[in-house]
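Q: sequence unavailable; structure follows:
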């Protein structure tokens with residue numbers, strides 16, 4: 001019980017630091033300026049080209065691409081969809097949707113046929129690079145390039161708000177974490193915690209601080225100043241990145257320093273994850289990549305998850321069992337109180353994310369169980385790597401590391 005009390009005390013101290021001094025990671029306040037009352041409008045709206053890497057996205061596009069093409073944006077705006085050798089008619093469906101949007105006054109769409117992936121390039125980054133090259137090839141380059149995904153749905157004013165935020169605050173990158181789908185039982189359980197853990201790893205307030213080294217972005221919505229990306233050396237600098245958004249955020253922050261990452265409710269993901277297996281794959285496919293295939297980092301991550309999330313409830317429950325058996329010594333009391341403190345802090349810190357996803361705050365005490373699932377997914381990610389299961393983007397396998 002003494003050992004458990006010490007572990008719980010360490011965990012509680014860690015939670016005090018995380019809640020009080022870790023960039024306010026648990027808060028959901030990092031948002032673009034509200035549209036009402038509107039900030040000052042630019043005198044001239046800059047040109048924007050949206051690049052949509054797409055591989056086998058025929059099912060997603062009818063529900064998402066029309067909204068992107070119909071953006072209420074006052075400046076020059078065009079969309080380039082890079083069909084990365086799809087075999088489900090993605091390019092044909094995109095072209096049909098583009099023709100319909102053009103008849104309705106929407107933005108022009110160009111479907112770029114993807115070329116074979118060169119050695120050393122990750123699939124999605126290669127598609128992004130082809131779209132960027134096409135967007136900047138003829139005539140004056142657009143001031144900004146918007147990298148977005150085929151499963152992202154856009155509110156009519158979302159692009160206008162992004163550009164206004166980038167212009168007003170002079171940011172080389174403005175990125176928003178799309179509101180992920182949380183409709184099925186497993187989505188409601190796993191998805192808010194996924195965003196919570198991401199924010200814990202990359203506190204948005206630190207990402208947005210030019211004096212902090214923390215850098216990240218969210219791949220579904222990344223508005224990049226064209227000149228800044230060129231100055232940083234272009235996408236070739238991150239050509240092998242399997243987690244392209246964090247790599248791009250890091251590249252631009254090192255070069256231009258001023259980047260921004262926040263949460264969104266008007267940029268949403270339509271990608272369904274109907275069961276635990278699909279969510280497990282989504283997380284396990286890249287968790288070990290994030291740890292740079294390092295066994296020491298893997299061990300540290302799993303131990304850290306257990307210390308932060310499993311130890312507090314274990315201490316509290318263990319103390320209750322010991323007390324019921326007649327043991328009421330100082331170690332038992334200490335384990336119970338430290339466990340209660342840690343569990344209370346983590347529960348309270350999860351509440352804002354649940355509210356963002358309009359879920360009951362009664363789910364918050366279950367965070368330790370979800371963390372155990374994430375620890376298992378992380379371990380499985382390493383298992384897949386050593387078993388030879390390559391990371392893939394929409395079925396396209398990456399080069400082995």
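A: Sure thing, it's come through. All values derive from a computational prediction rather than experimental measurement.
Q: C-alpha from now on. contacts and neighbour counts both.
A: Fine.
Q: wait, a helix at residue 110?
A: No: membership of residue 110 in a helix is not supported by DSSP: H, G, I helix; E, B strand; the rest coil, which gives strand.
Q: and the gap between it and residue 20?
A: Distance from residue 110 to residue 20, counting by CA to CA, to the nearest Å: 48 Å.
Q: now do the longest helix seen in the chain: which elements does it pack against?
A: Across the chain, the helix with the greatest residue count (assigned by DSSP state H) is helix 330-356. In terms of contacts (3 or more CA pairs under 8 Å, 6 or more residues apart in numbering; DSSP states H and E), helix 330-356 is packed against helix 2-21, helix 185-201, helix 311-324, helix 367-386.
Q: which helices and strands sit right next to the longest strand along the chain?
A: Longest strand in the chain by number of residues (criterion: DSSP state E): strand 259-269. Other elements packing on strand 259-269 under the criterion 3+ CA pairs under 8 Å, 6+ apart are strand 152-154, strand 173-179, helix 204-207, helix 244-256.
Q: what residues of that strand count as buried?
A: Neighbour-count burial for strand 259-269 flags 259, 260, 261, 262, 263, 264, 265, 266, 267, 268, 269 (criterion: 16 or more other CA atoms under 10 Å).
Q: re earlier: higher neighbour count, residue 110 and residue 20?
A: Shown here are residue 110 and residue 20; by other CA atoms under 10 Å, residue 110 has more neighbours (19 against 12).
Q: what pairs with the more buried one across the strands?
A: Beta bridges link residue 110 to residue 80 when assigned by DSSP bridges.
Q: again with residue 222
A: Beta bridges link residue 222 to residue 147, residue 175, judged by DSSP bridges.
Q: next one: phi and psi at the residue of the chain positioned farthest from its centre?
A: Relative to the mean C-alpha coordinate of the chain, counting by CA atoms, centre = their mean, the farthest residue is residue 326 (48.2 Å). When read as degrees, to the nearest 10, the backbone of residue 326 gives phi 100, psi 0.
Q: which one of the helices and strands packed on strand 259-269 lies closest to residue 311?
A: Closest to residue 311 of the helices and strands packed on strand 259-269, according to CA to CA: helix 204-207, at 26.6 Å.
Q: what's in contact with stretch 23-30?
A: Residues from elsewhere that reach stretch 23-30 (CA atoms under 8 Å, 6 or more residues apart in numbering): 18-19, 196, 199-200, 202-206, 261-263, 349-350, 352-353, 356.
Q: how about a cut-off of 6 Å?
A: Stretch 23-30 is contacted from outside by 199, 200, 203, 205, 206, 262, 349, using CA atoms under 6 Å, 6 or more residues apart in numbering.
Q: low-scoring stretches of the chain, by residue?
A: Along the chain, the parts satisfying pLDDT under 70 run over 34-40, 390-401.
Q: so what's the spatially most central residue of the chain up against?
A: Centroid-nearest residue in the chain: residue 218, 4.1 Å away (criterion: CA atoms, centre = their mean). In this structure, residue 218 makes contact with 175, 177, 245, judged by CA under 6 Å, 6+ apart.
Q: if you set the cut-off to 7 Å instead, what comes out?
A: Taking CA atoms under 7 Å, 6 or more residues apart in numbering as the contact definition, residue 218 lies against 175, 176, 177, 245.
Q: isn't residue 270 up against residue 149?
A: No: Residue 270 is beyond contact range of residue 149, at 10.2 Å (criterion: CA atoms under 7 Å).
Q: out of those two, which sits in the more crowded spot?
A: Neighbour totals were compared for residue 270 and residue 149, and residue 149 leads with 24 against 19 (other CA under 10 Å).
Q: phi, psi of that one?
A: Main-chain dihedrals, residue 149, degrees, to the nearest 10: phi -100, psi 160.
Q: now swap in the one 10 residues further on and tell me
A: Taking degrees, to the nearest 10, you get phi -70, psi -40 for the backbone angles of residue 159.
Q: how far away is residue 327 from residue 192?
A: Distance, residue 327 to residue 192, using CA to CA: 39 Å.
Q: which one of the two has more residues nearby?
A: Set residue 327 next to residue 192 and count neighbours by other CA under 10 Å: residue 192 wins out with 24 against 15.
Q: any idea how far that one is from residue 152?
A: From residue 192 over to residue 152 the distance is 17 Å, taken as CA to CA.
Q: okay, now residue 274: neighbour count?
A: Neighbour count for residue 274, taken as other CA under 10 Å: 15.
Q: part of a helix, is it?
A: No: under three-state DSSP, residue 274 falls outside any helix and is assigned coil.
Q: now the contacts of residue 218 in a markdown table, with distance to residue 80 and neighbour count?
A: Formatted as a markdown table, the contacts of residue 218 follow (distance: CA to CA, whole Å; neighbours: other CA atoms under 10 Å):
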| residue | distance to residue 80 | neighbour count |
| --- | --- | --- |
| 175 | 19 | 28 |
| 176 | 20 | 25 |
| 177 | 21 | 22 |
| 245 | 19 | 22 |
